[in-house]
Structures are given as C-alpha cells and as structure tokens.
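Trainee: Kindly return the folded structure for what I paste below:
(one chain, ligands or ions: 1)
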Amino acid sequence: MIVVTGATGNVGRALVATLAAAGEQVTAVSRQAAQVPDGVRHHRADLDDPASLRPALDGAAALFLLVAGGDPHAILKEAAGVGRIVLLSSQGAGTRPEVYRHPVQYEEAVRESGADFTILRPGGFASNSFAWAESIRTTRTAAAPFGDVGLPAIDPADIAEVAAAVLREPGHAGRTYELSGPAPVTPRERAAAIGAALGEPVRFVEQTREEARAQLLQVMPEPVVEGTLAILGTPTAAEQAVSPDVERVLGRAPRAFADWAARNVAAFR
Ligand SMILES: NC(=O)c1ccc[n+]([C@@H]2O[C@H](COP(=O)([O-])OP(=O)(O)OC[C@H]3O[C@@H](n4cnc5c(N)ncnc54)[C@H](OP(=O)(O)O)[C@@H]3O)[C@@H](O)[C@H]2O)c1
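Mentor: Numbers count the residues shown, from 1 in each chain. Down below sits the predicted model:
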C-alpha cells in the first residue's frame with residue numbers, strides 16, 4: 001500500500017489518480033475530508049500532529065511525503081517500517097538552503113530515516129499561475145513582477161508521474177532529482193499562453209517588486225518572500241537551467257507550459 005500525503009493538491013491529486021489507475025492500493029491523506037477515486041482510501045491527518053498519521057501508515061510499503069508540519073523527525077518516527085519514502089522537497093533546498101530551511105530539514109530527516117529514499121526537488125510549478133485565475137476571469141489581466149525573466153516552470157502532472165515511477169520501480173534509492181519544465185518561460189509568455197488557450201488575449205501587467213512583495217507577504221513568511229523574489233527576479237544559473245531528470249525517469253520530455261494552460265483553461269474562463 002502506498003500512502004500519499006498532500007493528496008488533494010496539484011501534485012497529490014494527480015499522483016493518487018495515477019497510482020490507482022496502475023492498480024496500486026492507495027491511502028490518500030489530507031487534513032480536510034475529500035473525494036478520492038474509487039478504490040482509494042482517504043485518511044484525515046495533519047502533518048503537524050504526526051500521531052494522526054499512524055493509522056494510515058500501518059502496513060504501508062511506501063510513503064509520498066509533503067513538506068508540511070513542523071517536526072519531520074517525529075513524522076518519520078511514525079513512518080518507521082515503511083520501506084520507501086519519496087520526499088517532495090524544493091529546488092530551493094539546493095540553491096538557497098539558508099532560506100528554504102524547512103525543506104532542508106525534511107531532506108536531512110529523510111536521509112537519516114533508514115528507509116530507501118528519493119528526493120524530488122521541483123522548481124516553480126506551472127500551477128502557480130492559478131493565482132491569476134480570478135483576474136483573468138474577470139478582467140483578462142495577469143499581474144506579476146519581472147515580466148521578462150524566464151524560469152522553466154514544471155507541470156505538477158509531471159511531478160506526479162515522476163513520483164509514481166519512483167514509488168513503484170526499483171533503482172531510485174538515494175537519488176535526488178531536480179525537476180523542471182522543458183524551457184524557461186517568462187510571466188509575460190505564461191499570460192500569453194493562457195490567452196492562447198482561451199482564444200482571447202490576456203493583458204500582462206508588470207508589478208513593481210514592492211507590489212509583489214506586499215502580495216506575497218500575505219501568504220508566506222518574510223525570508224521566503226525575499227527568497228522567492230530573488231528567484232523570480234535574479235535567478236541563479238541553476239534556477240534557470242532545464243534539468244534532464246524528468247526525461248531520465250519518464251523517458252520523455254517534460255510538458256510545456258502551454259500544455260498545462262490548455263488542460264487547465266476552465267479555471268480562467
Ligand atoms: N508551488 C511551487 O512552486 C512549489 C515549488 C517547489 C516545491 N513545492 C512544494 O510542493 C508542495 C505541494 O504543492 P501542491 O501545489 O501540490 O500543493 P497544494 O495544491 O497547495 O496542496 C497541498 C496539499 O497538502 C495538504 N496539506 C497541507 N498542509 C497539510 C498538513 N499540515 N497536513 C496534512 N496535509 C496537508 C492539503 O490538503 P489539506 O489542506 O486538506 O490538508 C493539500 O492536499 C508544496 O506544499 C511545496 O512544499 C511547491
């Protein structure tokens with residue numbers, strides 16, 4: 001049985017569906033009650049309360065673990081006996097470890113757990129563009145800072161496919177995979193791709209750094225806001241690089257942003 005935390009999120013929902021379609025027994029974990037595919041068990045648990053995971057982990061062969069909850073060592077103590085752990089970490093754990101301390105702590109705990117582990121380090125998700133859903137629906141505009149700085153956004157469906165492969169197949173133990181899309185895409189190009197999927201132009205509005213900072217502070221702590229703005233505005237070469245790892249694991253190139261936009265266009269209508 002495979003336990004998937006974050007099971008109702010952009011990555012987790014696709015991962016649960018992929019594993020269930022492949023005939024795996026799956027337990028989907030989230031804090032809120034949720035609809036899951038037929039045959040999948042849902043378990044409510046909070047990673048901030050590691051003991052709440054215990055009933056889900058009983059007899060589990062593998063765990064897909066999200067970075068959420070304050071004490072990764074306590075979570076992994078509950079997962080003692082689970083043979084394989086796949087951690088959804090973050091690119092920032094490698095490129096800006098002083099800022100992305102939470103994923104770094106999770107990586108350390110997973111490495112020390114004694115399980116066969118694989119670490120996934122995605123960069124920014126294509127699904128971050130859902131933040132534009134309301135403004136595109138209502139005014140056909142999309143606002144972001146650093147409109148002409150490109151980053152290779154990754155489709156969460158590709159992260160889910162990589163995770164499913166790594167959870168099901170041998171040969172990935174001890175590996176860290178950097179996950180990116182196939183090419184850098186700028187915020188201006190992302191807005192245009194959503195417009196193309198809609199069949200109507202979307203106007204891109206460039207925010208100042210300060211406007212973006214104020215918006216991000218509503219959803220992230222200050223050090224992470226500064227780290228995020230640095231990645232968006234002055235990315236390092238590693239943050240802009242296209243990684244070969246999706247293709248290495250799946251045997252095909254990662255999906256383009258335009259593909260994500262076409263599959264998710266309903267959110268922007
Ligand atoms: N977005 C990016 O650009 C990016 C980049 C690198 C890494 N990441 C990592 O990827 C992760 C997954 O992203 P996503 O877009 O799939 O997430 P998402 O759509 O925001 O969904 C988060 C999922 O985790 C569950 N969850 C949240 N907190 C939890 C907790 N304390 N205990 C148990 N379940 C919890 C949520 O369900 P409930 O609310 O019902 O619990 C939901 O199922 C992020 O959390 C982040 O760590 C994201």
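Trainee: the strands in the stretch 1-150 of the chain, which residues?
Mentor: 2-5, 26-30, 41-44, 62-66, 84-88, 116-122, 141-144 (DSSP state E, counting those that start in this stretch).
Trainee: right, so those: which one is the most enclosed?
Mentor: strand 2-5 (a mean of 28; mean count of other C-beta atoms under 10 Å). Every C-beta, even on glycine, is put in place using the N, C-alpha and C of the backbone.
Trainee: Contacts for that strand next, please.
Mentor: 12, 15-16, 19, 24-30, 45, 47, 53, 56-57, 60-66, 68, 82, 167-168 (C-beta atoms under 8 Å, 6 or more residues apart in numbering).
Trainee: Swap in 7 Å and give it another go.
Mentor: Strand 2-5 has contacts (C-beta atoms under 7 Å, 6 or more residues apart in numbering) with 12, 15-16, 19, 24-29, 47, 56-57, 60-66, 167.
Trainee: residues in the stretch 51-200 of the chain within reach of the ligand, list them.
Mentor: Leu66, Val67, Ala68, Gly69, Leu88, Ser90, Pro122, Gly124, Phe125, Ser127, Asn128, Pro156 (C-beta under 6 Å from any ligand atom).
Trainee: rewinding a little: nearest to Glu78, of the strands of the stretch 1-150 of the chain?
Mentor: strand 62-66 (9.6 Å; C-beta to C-beta).
Trainee: what are the pairing partners of that closest one, and which direction each?
Mentor: Strand pairing for strand 62-66, using DSSP bridges, gives strand 2-5 (parallel), strand 84-88 (parallel).
Trainee: how distant is the last one from the center of its chain?
Mentor: The chain centroid and the centroid of strand 84-88 are separated by 13 Å, computed with C-alpha atoms, centre = their mean, to the nearest Å.
Trainee: one step back: reformat the strands of the stretch 1-150 of the chain into CSV and put mean pLDDT next to each item.
Mentor: Compiled in CSV, the strands of the stretch 1-150 of the chain are given as follows (pLDDT from 0 to 100):
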stretch, mean pLDDT
strand 2-5, 98
strand 26-30, 98
strand 41-44, 98
strand 62-66, 98
strand 84-88, 98
strand 116-122, 98
strand 141-144, 98
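Trainee: Tell me, how many residues neighbour the residue in the chain that the ligand sits nearest to?
Mentor: Residue nearest to the ligand within the chain: Gly9 (2.3 Å; C-beta to the nearest ligand atom). As a burial measure, Gly9 scores 19 neighbours (other C-beta atoms under 10 Å).
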